[in-house]
Structure formats: C-alpha cells, structure tokens
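Visitor: only geometry, no sequence info:
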C-alpha cells in the first residue's frame, strides 16, 4: 500500500488525475494549484467548465494556507463545521483558484473531510486536491471502486481502493450571503450544520 500511496502522490504532483476514496464517495482528484490538471479532470469526467469544483484540504491549517482570506465570519464557519462531510461555499475575495470556481470566482467550495486510509496519507503529503465525484454527469455516486465507470478508472493514473464507502456525497451549504442556503442535502443534515455555524457566529 505504501507503493500505491507514493504512486498517487507522484501522479497528483505531476498533474495527473487519480481516484481516491473519501469520507463519502470515491473522488476523481487532481492538483488544484495549476489550471491545466483541473481542466484535464473536467474533460475526463465530461464536466461543464462553468460548474465549480471544491478544493479538498488535508486539514484546517492547509485550508487557510490555500485561501488566507478565510478569516472573520468565513473562518469561524469553517472552524465550526470542518473537518466533516460538508462542502462549504465561502467568499473568495482574492478570486483564488479561479479554474475551480466556474461562473462564480468570488466564491469557493472548500472541504476538509475525515478521510479513510489510504487517502488520508496521500492528502497529508500533497496538501490539497481538487475533487469531484468519480462518476459521469448524472451517474450514480460511487460507493465502491468497481462502481466508478471503467472509462474513468482506465484514464486515471492511479486508483486507490478504500473498500465500501457510505455512498452519499457531502452536504453543500452556501455561506456567501447573510442567510445560509442549502445547495445539496447529503451525508449530514444541513439544518444541524447551519445551527452550529450560527451558534459559533453568535
């Protein structure tokens, strides 16, 4: 497994797509730090370029390193809910990672999941990845590696098997406006997350 982890780390650093287990579903991942690998990921999945993709950080410190502007209200919300099975859409005033932001460069989706092995070791070494569900548009969310479409597995530089995952994608909540907006109910109840965020802000 150490060899597979090293291969995944090397592939991500080289700008190649990999498939990793996450805390929710299998993810198609690439380095977020350059536009070309992200554009390759979009082409591989058939994802429309105007759709945003989250940045997934190894921990909160790495998240704040990637997006230093996540302080004040956004920082409080991130610390209240992460790590956890959430994608938080937060203000991105410096318009960092524009190639991940789709049509809303002023906002960014962020995740800090409780990752299973071996993905936790990969992310600890690369810092962060751009990640989207390892499926084709409209396809089922992959709970097992064999649920990932063959064309994605064939074109990924490395695939890591983390066994069977929960199979429900992250809950997505938009905190860019004064009132939170639930974009997608998912692995954890959005109402509970909003309640925790509001309590942390008060």
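Guide: Happy to help now that I have it. This one's a predicted model, so the numbers in the text were calculated from it and none came from an experiment.
Visitor: grab the nearest non-local neighbour of residue 109.
Guide: Counting by Cβ to Cβ, 6 or more residues apart in numbering, residue 54 is the residue found nearest to residue 109 once chain neighbours are left out, at 3.7 Å. From N, CA and C alone the C-beta is placed, and that goes for glycine too.
Visitor: which phi and psi values does residue 89 adopt?
Guide: phi -100, psi 120 (degrees, to the nearest 10).
Visitor: got the contact list for the nearest residue to it once chain neighbours are set aside?
Guide: Closest residue in space to residue 89, ignoring its immediate chain neighbours: residue 174 at 4.1 Å, by Cβ to Cβ, 6+ apart. By Cβ atoms under 8 Å, 6 or more residues apart in numbering, the contact set of residue 174 is 89, 107, 180-183.
Visitor: could you redo the last one with a cut-off of 6 Å?
Guide: By Cβ atoms under 6 Å, 6 or more residues apart in numbering, the contact list for residue 174 reads 89, 181, 183.
Visitor: how many residues are close by the residue nearest to residue 82 when sequence neighbours are not counted?
Guide: Of all residues not flanking residue 82 in the chain, residue 112 sits nearest, at 3.9 Å (Cβ to Cβ, 6+ apart). The number of residues packed near residue 112 is 25, by other Cβ atoms under 10 Å.
Visitor: quick revisit: was I right about the residue nearest to residue 109 contacting residue 89?
Guide: No: in this structure residue 54 lies outside contact range of residue 89 using Cβ atoms under 6 Å: 8.6 Å.
Visitor: quickly list what's touching both of those two.
Guide: By Cβ under 6 Å, 6+ apart, the residues touching both residue 54 and residue 89 are residue 109.
Visitor: how many other residues sit next to residue 147?
Guide: 17.
Visitor: what about the chain, any weak spots by pLDDT?
Guide: Along the chain, the parts satisfying pLDDT under 70 run over 1.
Visitor: got the end-to-end distance for stretch 98-105?
Guide: 5 Å (Cα to Cα, to the nearest Å).
Visitor: from here on, count from 844
Guide: Sure, I'll start counting at 844 from here, so that last one is stretch 941-948.
Visitor: can you give me the buried ones in it?
Guide: Using 16 or more other Cβ atoms under 10 Å as the test for burial, stretch 941-948 gives 942-945, 948.
Visitor: how about stretch 846-863?
Guide: Quick answer for stretch 846-863 (16+ other Cβ under 10 Å): 848, 850-852, 854-855, 858-863.
Visitor: tabulate these (JSON lines), appending distance to residue 1042 and secondary structure.
Guide: Listed next are those as JSON lines, based on distance: Cβ to Cβ, whole Å; DSSP: H, G, I helix; E, B strand; the rest coil:
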{"residue": "848", "distance to residue 1042": "38", "secondary structure": "helix"}
{"residue": "850", "distance to residue 1042": "43", "secondary structure": "helix"}
{"residue": "851", "distance to residue 1042": "38", "secondary structure": "helix"}
{"residue": "852", "distance to residue 1042": "38", "secondary structure": "helix"}
{"residue": "854", "distance to residue 1042": "41", "secondary structure": "helix"}
{"residue": "855", "distance to residue 1042": "36", "secondary structure": "helix"}
{"residue": "858", "distance to residue 1042": "41", "secondary structure": "coil"}
{"residue": "859", "distance to residue 1042": "42", "secondary structure": "coil"}
{"residue": "860", "distance to residue 1042": "39", "secondary structure": "coil"}
{"residue": "861", "distance to residue 1042": "37", "secondary structure": "strand"}
{"residue": "862", "distance to residue 1042": "37", "secondary structure": "strand"}
{"residue": "863", "distance to residue 1042": "32", "secondary structure": "strand"}
